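K.L.:
just coords:
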């Protein structure tokens, strides 16, 4: 069960003809209320797509009635025509659902620099909104169709859900397989809840969850122009959520999605969890982990099943003293449970490390403080290069 699990939400996914494959490529999730509260986190990339520019304005009052998402084109760097397409898409959804276009978030994903066909989108909106008005729009199948419609290079849809003992629910869907690097979220995500929460509470919870989940997925170091994570609240359960409990559940949902995104990263053969322990601060732990995650030498070694811990230390050493305080000759490194380095010197033979499983853990102990953070990444493979070399063709 996905975005349709919480009460007060309907969803649809249709084929509008935007994808050459003819697959599902346009989704709508509508909030039927009684509340229309929402929070959204957008990419921090300065080069933002037209849907992000539009939706940023929509979010100023914290109210969202519907979100429309398309694959088959990013609608980024498409000029005034592209922005008019985004505006017209929101207007088409608003007219069909009898809501305000100023309460419609728009998301797009796909190739940058190509105009979307507005006629196809308008027709797709018509079909999707017609589906929303049927009983089937509340079913798991409807949520699945919406999740499938936002896929690009994804090989499978990503969904997650949670039901609290108090009686409220969270549902979620995500897309993402490439350009996975933090700038907030690095993918398109729609999260729904029927808990009773105001927009300010939703915003705090979403940013808290994003900080320790989506912001720590760094598959390839490439930040998207379209990244959007939206949290919609219907309040239809009638149950006021305990904010800490809701935030914890939201973190769990987002972490679930992150791991699904990581495991479906383009061309990846290994899923790597890099944990930095005993840092001075959590931010410093993240900084060191990110430096390692973005080392192509390290990522290539993992692809080759080579536990080359020297590349871990070399990458950690690129972090300045201002960014993270630690003794570069006092670091321990363990890979898949084998202590290969202690205090900057060889420990257990690297031949003891088995990197044939897909899951890889790297633990870096800085011995500088008491804070810990984990960041998720992948190896660098021939398949990743091949897929991205041919993406626009």
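P.N.:
Cool, got the structure. Bear in mind that the values here come from a model prediction, so they are computed numbers and not experimental data.
K.L.:
in this protein, which spans are helices?
P.N.:
Taking DSSP state H as the criterion, the chain contains helices spanning 50-58, 79-97, 118-132, 140-149, 199-212, 243-263, 282-293, 296-303, 309-316, 382-389.
K.L.:
Next, format those helices as JSON lines and append mean neighbour count and mean pLDDT.
P.N.:
Any C-beta I mention is one placed from the backbone N, CA and C, and that applies to glycine too. Below are the helices of the chain laid out as JSON lines (neighbours: other Cβ atoms under 10 Å; pLDDT from 0 to 100):
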{"stretch": "helix 50-58", "mean neighbour count": "21", "mean pLDDT": "96"}
{"stretch": "helix 79-97", "mean neighbour count": "19", "mean pLDDT": "97"}
{"stretch": "helix 118-132", "mean neighbour count": "20", "mean pLDDT": "97"}
{"stretch": "helix 140-149", "mean neighbour count": "24", "mean pLDDT": "96"}
{"stretch": "helix 199-212", "mean neighbour count": "20", "mean pLDDT": "96"}
{"stretch": "helix 243-263", "mean neighbour count": "20", "mean pLDDT": "95"}
{"stretch": "helix 282-293", "mean neighbour count": "23", "mean pLDDT": "96"}
{"stretch": "helix 296-303", "mean neighbour count": "20", "mean pLDDT": "91"}
{"stretch": "helix 309-316", "mean neighbour count": "21", "mean pLDDT": "96"}
{"stretch": "helix 382-389", "mean neighbour count": "13", "mean pLDDT": "65"}
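K.L.:
Identify whichever of the ones you listed lies nearest to residue 270.
P.N.:
Evaluated with Cβ to Cβ, the helices of the chain place helix 296-303 nearest to residue 270, the distance being 5.1 Å.
K.L.:
and the closest one, what does it pack onto?
P.N.:
helix 309-316 (3 or more Cβ pairs under 8 Å, 6 or more residues apart in numbering; DSSP states H and E).
K.L.:
got a list of contacts for the helix it packs on?
P.N.:
When contacts are taken as Cβ atoms under 8 Å, 6 or more residues apart in numbering, the neighbours of helix 309-316 outside the stretch itself are 288, 291-292, 294-295, 297-298, 301, 326, 328, 331, 333, 335, 340-341, 344, 350, 362, 364.
K.L.:
could the helices of the chain be laid out in TSV, adding distance to residue 231?
P.N.:
Putting the helices of the chain into TSV (distance: least, Cβ to Cβ, whole Å) gives the following:
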stretch	distance to residue 231
helix 50-58	13
helix 79-97	19
helix 118-132	20
helix 140-149	16
helix 199-212	5
helix 243-263	8
helix 282-293	23
helix 296-303	32
helix 309-316	34
helix 382-389	30
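K.L.:
who wins for proximity to residue 232 among those?
P.N.:
Proximity to residue 232, assessed across the helices of the chain by Cβ to Cβ, is greatest for helix 199-212 (8.6 Å).
K.L.:
Excluding residues flanking it in the chain, which one is nearest residue 263?
P.N.:
The shortest distance from residue 263 to any non-neighbouring residue, by Cβ to Cβ, 6 or more residues apart in numbering, is to residue 271 (5.6 Å).
K.L.:
so the one you found touches residue 360, yeah?
P.N.:
Yes - here residue 271 lies in contact with residue 360, judged by Cβ atoms under 8 Å, at a distance of 6.8 Å.
K.L.:
how long is stretch 301-311 from one end to the other?
P.N.:
Counting by Cα to Cα, to the nearest Å, the length from the leading to the trailing residue of stretch 301-311 is 8 Å.
K.L.:
returning to what we had before: how about the helices of the chain, which one is nearest residue 166?
P.N.:
Distances from residue 166 to each of those were compared using Cβ to Cβ; the minimum, 7.4 Å, belongs to helix 243-263.
K.L.:
Show me how far that closest one is from its chain's centre.
P.N.:
Relative to the mean C-alpha coordinate of its chain, helix 243-263 is positioned 10 Å out (Cα atoms, centre = their mean, to the nearest Å).
K.L.:
quick one: it to helix 199-212, angle?
P.N.:
Orientation of helix 243-263 against helix 199-212 (axes from the mean of the first three to the mean of the last three Cα atoms, to 10 degrees) gives an angle of 40 degrees.
K.L.:
which other helices and strands contact helix 243-263?
P.N.:
Contact analysis of helix 243-263 by 3+ Cβ pairs under 8 Å, 6+ apart lists strand 158-163, strand 169-175, strand 188-193, helix 199-212, strand 271-279, strand 371-378 as its packing neighbours.
K.L.:
who's in contact with the longest one?
P.N.:
The set of residues that contact helix 199-212 without belonging to it, under Cβ under 8 Å, 6+ apart, is 37-41, 62-63, 184-185, 191, 197, 229, 231, 233, 243, 246-247, 250-251, 253-255.
K.L.:
go with 7 Å
P.N.:
Contacts of helix 199-212 from elsewhere in the structure, counted by Cβ atoms under 7 Å, 6 or more residues apart in numbering, are 37-39, 41, 62, 184-185, 229, 231, 233, 243, 246-247, 250-251, 254.
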